[in-house]
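Asker: next comes the sequence, and after it the predicted model I'd like to discuss.
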Amino acid sequence: MAHVLGQNQYGKAENRIVRVYRDSTRHEIKDLNVSVALSGEFDDVHLTGSNANCLPTDTTKNTVFAFAKEYGIDSAEAFGILLARHFVDDTERGVVHRARIRIEEYTWDRIRTPDDNARFIGSEEAGHSFGHSFVRNGQEVRTSEIVYDGESVQVISGLKDLVVLNSTNSEFWGYIKDKYTTLQEAYDRILATQVTARWKYGFTGRDDEAQPNWNRCYTHVKRHLLEAFAETYSYSLQQTLHAMGTRVLNNRAEVDEVRLELPNKHHFLVDLEPFGLKNENEVYYAADRMYGLIEGTVHREGVVPVIPVV
Ligand SMILES: O=c1[nH]c(=O)c2[nH]c(=O)[nH]c2[nH]1
């Protein structure tokens, strides 16, 4: 029986890179986790043991770090595009046909001075902060995936681990009931989820097309996701998912597809009757598993969705 070598790719994964900008006493930092995957003319490497076409994973790692110095990191997306184009366009004899760069970005806030902490604690107001001291922002991880095949670039940005909760304005009732149904209908429940979102840009990088303002767009997409979650009076998490995706498409022309994964972080009312207490939707048990998992894509009409369903 003959066997066939199918799709293959390789590169250094999870290059943890911190780039400090020390041009003034007010430093800036970028904290990334960059994974490189190259595919192309690598049959011989797998089949014959010849490494003539193999760009070592070690070199891909070095390139990531060197590019951080040479070009800086304005955004994960722009950095990923630079790397992907380099591997495909500049590698000897054109043996790399496709490069996929995945990046996770961890954001850091500035630590405020004692004076400002006293004045601004608990407020979002900008104040004085140390120029060189940071506290990691625990809200969410920013993600991006850049693929370049020698002709066009595809950019899918996203976020994960963004935990949100509505303490009211959520109902769930009118669902199918069969002999296994025990769920009580809910007319005022907690709705909580940990958002994983990915969105695809229309950008292709062909004909010197200008790049969107990746950082600005990220900030706005996150804002729209949060606002839609907060403003939607929800009859199901599915309905909230649709509202979140729609809100992004309605407000960001650069984006043509949004995919969301929303675990339903169940909050169960605790029975306080044994203690002679009435629970008027005030005391919940926050279960961490099992959980409902609601997933879906919202895309513009005529756009063929490409964000993988995983
Ligand atoms: O928003 C919800 N969608 C469901 O499909 C579902 N199923 C369930 O048990 N609870 C919920 N909640």
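Answerer: The structure has been received and is ready for your questions. Note that this is a predicted model, so its numbers are computed, not measured.

Asker: skip the chain neighbours and tell me the closest residue to A76.
Answerer: Sequence neighbours aside, I103 is the residue nearest to A76 in space, at 4.2 Å (criterion: C-beta to C-beta, 6 or more residues apart in numbering). (C-beta placed from N, C-alpha, C; glycine too.)

Asker: need the residues of this protein near the ligand, please.
Answerer: Proximity of the chain to the ligand, by C-beta under 6 Å from any ligand atom, involves residues F172, L183, S236, L237, Q238, N264, G292.

Asker: burial measure for the closest residue in space to the fourth one that isn't next to it in sequence, as a count.
Answerer: I take that to be L237. Ranked by C-beta to C-beta, 6+ apart and with sequence neighbours excluded, the top spatial neighbour of L237 is I294, at 4.6 Å. Look at I294: counted by other C-beta atoms under 10 Å, it has 17 neighbours.

Asker: can you offset everything so residue one is 299?
Answerer: In the new count, where the first residue is 299, that last one comes out as I592.

Asker: show me the contacts for I592.
Answerer: T491, L535, Q536, L539, L558, E559, L560, P561, N562 (C-beta atoms under 8 Å, 6 or more residues apart in numbering).

Asker: cutoff 10 Å now
Answerer: T491, S534, L535, Q536, Q537, T538, L539, L558, E559, L560, P561, N562 (C-beta atoms under 10 Å, 6 or more residues apart in numbering).

Asker: got those as CSV, with secondary structure columns?
Answerer: Formatted as CSV, the contacts of I592 follow (DSSP: H, G, I helix; E, B strand; the rest coil):
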residue, secondary structure
T491, strand
S534, coil
L535, helix
Q536, helix
Q537, helix
T538, helix
L539, helix
L558, strand
E559, strand
L560, strand
P561, strand
N562, strand
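
Asker: just the buried members of the residues you listed?
Answerer: T491, S534, L535, T538, L539, L558, E559, L560, P561, N562 (16 or more other C-beta atoms under 10 Å).

Asker: what residues are up against the fourth one?
Answerer: In other words, T538. By C-beta under 10 Å, 6+ apart, the residues touching T538 are 462, 464, 468, 489, 491, 526-527, 529-532, 558, 560, 562, 592.

Asker: what of the last one?
Answerer: Contact criterion C-beta under 10 Å, 6+ apart gives 470, 489-492, 534-536, 538, 585, 588-592 as the residues in contact with N562.

Asker: which non-adjacent residue is nearest it?
Answerer: In this structure, N562 finds its nearest non-sequential neighbour in G590, 3.6 Å apart by C-beta to C-beta, 6+ apart.

Asker: just to revisit the earlier point, show me the two of the buried ones among the contacts of I592 that sit farthest apart.
Answerer: S534 and E559 (15.5 Å; C-beta to C-beta).

Asker: picking that back up, and the pLDDT for the residue nearest to L535?
Answerer: For I592, the pLDDT comes out at 98.

Asker: can you tell me the element it falls in?
Answerer: Per DSSP states H and E, I592 falls inside strand 590-597.

Asker: what comes up buried for that strand?
Answerer: By neighbour count on 16+ other C-beta under 10 Å, the buried set for strand 590-597 is I592, G594, T595, V596, H597.

Asker: in the stretch 349-498 of the chain, which residue sits nearest the ligand?
Answerer: Nearest residue of the stretch 349-498 of the chain to the ligand, counting by C-beta to the nearest ligand atom: F470, 4.5 Å away.

Asker: quick one: contacts for the residue nearest to that residue when sequence neighbours are not counted?
Answerer: Closest residue in space to F470, ignoring its immediate chain neighbours: A484 at 4.8 Å, by C-beta to C-beta, 6+ apart. By C-beta under 10 Å, 6+ apart, the contact set of A484 is S468, E469, F470, W471, L567, N579.
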